[in-house]
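> what's the 3D shape of this:
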Amino acid sequence: MENPLLKSSQNTINKGLNWLNNNRSKIKQINDLSAHYKAPYLYASVGNPIQGRYYADLMKYKYLQEDGDFRTSLDKKGWSHLPSSPANRYIYSNGWIICGLRQLSYFGLAEKGLNFIRKFQSVEHGGFASHYHPLTKSINPIFLDSSSTSAAGLALLACGDVEAACKAGDFILKMLESQPHPDRFFYCSWDIEKGLKTNIWGSEVVTEINGRKQFCLSSESDPRHELTWLVGKPMKFLSKLYDQTNEEKYLLGARALLSFFEKLDGERIHNYGSCKVMWASAELFRLTGEDIYYKTAEEILSWFCDTQHDSGLWVHSLLYQDVDEQPFEASLDIVQELCAEINDTIFNLFS
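Numbering: from 1, shown residues only. Presented below is the predicted three-dimensional model:
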């Protein structure tokens, strides 16, 4: 007998893909990289080679720059609707693109992209730098962060460089061990001269480039408006690293990140950013068979299935109140991401 959640999840993916198909002409008119960078991974994941090739070629001929970066233009990363993302985690999108290109067998293009982000890895610490200035082509090596490191680490694993990925994973473990209040806060940025960056208290606006929420996940605030993916992304990376190496320390690190997520109250499930925790938990369930991972992934997955609009859209509730307020680029991003991650989730939970 078919699992009801599996059927619901498949219907959810189909509705999302139908929305994308129905809006294809409008999507093609968008120049901003932020609207397209998850598409190669999505179409590789759901098995649509025609759309996969279209987006891989878009990355190759439109967004790939001479330095190996993928960005909207020579001097702009893009992200007009969410400038805090590249400002604080410049290579986050590059990781998505490279993983998608590898799945689509664009090996040479993926390697060009990987060679660019390799420059961001700290030789001493193993983590990846947060900031890049596209006009001057200069990396700021002072600040590293867990999300850039995890995105780069997933790209490294996709391209077979386990050694460099392990150095990145060990940096994530170092960050976990350095947390001064591990039950209350998860700080995600690292100053190579001073250590964990904790002087981030100020604005509580989620999109503020220098705001607290960009640099620290708190278990003491409303979890519906916290960036819960700050623990979900490294959790996904460490789970993949555990799969590749079978080293227990990476599983323990992923479990520590989930334990912090569990310190947030029950509303943590009702948060768009928790899709990353769902994604990682499902992977860990496949690897370990432990019920805690299944339960976490199941709860979040059920919520995403229940909250999808009939049109196939979701509201990015961290940022917007309703679909009418939400920019089209943001709608596109959330549909691409959730369809891909839900597809991976049901593979890991129900195969």
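
> Run through the strands of the protein in chain order.
128-133, 138-145, 185-187, 189-191, 195-196, 216-218 (DSSP state E).

> Please produce a markdown table containing the ones you listed, extended by mean pLDDT.
As requested, the strands of the chain are exported to a markdown table (pLDDT from 0 to 100):
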| stretch | mean pLDDT |
| --- | --- |
| strand 128-133 | 97 |
| strand 138-145 | 97 |
| strand 185-187 | 98 |
| strand 189-191 | 98 |
| strand 195-196 | 97 |
| strand 216-218 | 97 |
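
> will you turn the ones you listed into a markdown table that also has distance to Ile269?
To be clear about C-beta, it is placed using only N, CA and C from the backbone, and glycine gets the same treatment. Output for the strands of the chain, formatted as a markdown table (distance: least, C-beta to C-beta, whole Å):
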| stretch | distance to Ile269 |
| --- | --- |
| strand 128-133 | 29 |
| strand 138-145 | 25 |
| strand 185-187 | 18 |
| strand 189-191 | 26 |
| strand 195-196 | 28 |
| strand 216-218 | 15 |
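
> Quick one: residues contacting the residue most central in space within the chain.
Centroid-nearest residue in the chain, with C-alpha atoms, centre = their mean: Lys233, separated by 5.3 Å. By C-beta atoms under 8 Å, 6 or more residues apart in numbering, the residues touching Lys233 are Ser146, Ser147, Ser150, Ala151, Lys276.

> ok, back up a step: what's the closest of the strands of the chain to Arg53?
Comparing the strands of the chain against Arg53 with C-beta to C-beta, the closest turns out to be strand 128-133 (28.3 Å).

> Around Asp222, how many other residues sit close by?
The tally of other residues near Asp222 (other C-beta atoms under 10 Å) stands at 13.

> That one and His270, how far apart?
Using C-beta to C-beta, to the nearest Å, Asp222 is found at 10 Å from His270.

> What of Ser25?
Here the criterion is C-beta to C-beta. By it, Ser25 lies 33 Å from His270.

> Of those two, which one has the most company?
In terms of neighbours (other C-beta under 10 Å), His270 is the more surrounded of Ser25 and His270; the figures are 16 against 7.

> Could you dump the strands of the chain into TSV and include mean neighbour count and distance to Ser239?
Below are these laid out as TSV (neighbours: other C-beta atoms under 10 Å; distance: least, C-beta to C-beta, whole Å):
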stretch	mean neighbour count	distance to Ser239
strand 128-133	23	18
strand 138-145	18	19
strand 185-187	23	17
strand 189-191	20	21
strand 195-196	14	23
strand 216-218	22	18
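
> ok, which stretches of the stretch 251-351 of the chain are helices?
Ranges of helices in the stretch 251-351 of the chain, per DSSP state H, counting those that start in this stretch, are 275-288, 291-307, 328-350.

> Out of those, which is the most enclosed?
Ranked by mean neighbour count under mean count of other C-beta atoms under 10 Å, these are led by helix 275-288, which reaches a mean of 25.

> what packs against that one?
Using 3 or more C-beta pairs under 8 Å, 6 or more residues apart in numbering; DSSP states H and E, the elements in contact with helix 275-288 are helix 229-245, helix 248-263, helix 291-307, helix 328-350.

> Give me the neighbour count for Gln51.
When neighbours are counted by other C-beta under 10 Å, Gln51 registers 18.

> show me the residues around it that make contact.
Residues in contact with Gln51 (C-beta under 8 Å, 6+ apart) are Ala39, Tyr43.

> Find me the pLDDT at it, would you?
Note for Gln51: predicted pLDDT of 97.

> can you check Ser80 too?
Reported pLDDT for Ser80: 88.

> Hmm, it is touching Glu329, no?
Yes: taking contacts as C-beta atoms under 8 Å, Ser80 lies within contact range of Glu329: 7.3 Å.

> Now for these two: what residues contact both?
Asp32, Ser34.

> My read is that Cys153 contacts Phe237, right?
One correction, residue 153 is Gly, not Cys. Yes: taking contacts as C-beta under 8 Å, Gly153 lies within contact range of Phe237: 4.6 Å.

> overlap in contacts of those two?
Shared contacts of Gly153 and Phe237 (C-beta under 8 Å, 6+ apart): Ala168, Gly169, Ile172.

> Okay, and which of these map to helices?
Ala168, Gly169, Ile172 (DSSP state H).

> For the nearest residue to the last one once chain neighbours are set aside, give me its contacts.
Nearest residue to Ile172, sequence neighbours excluded (C-beta to C-beta, 6 or more residues apart in numbering): Pro234, at 4.9 Å. Under the criterion of C-beta under 8 Å, 6+ apart, the contact list for Pro234 reads Ser146, Ser147, Thr149, Ser150, Ile172, Gly253, Leu257.

> do the same with Glu337
Going by C-beta under 8 Å, 6+ apart, Glu337 touches Lys38, Leu42, Cys275.
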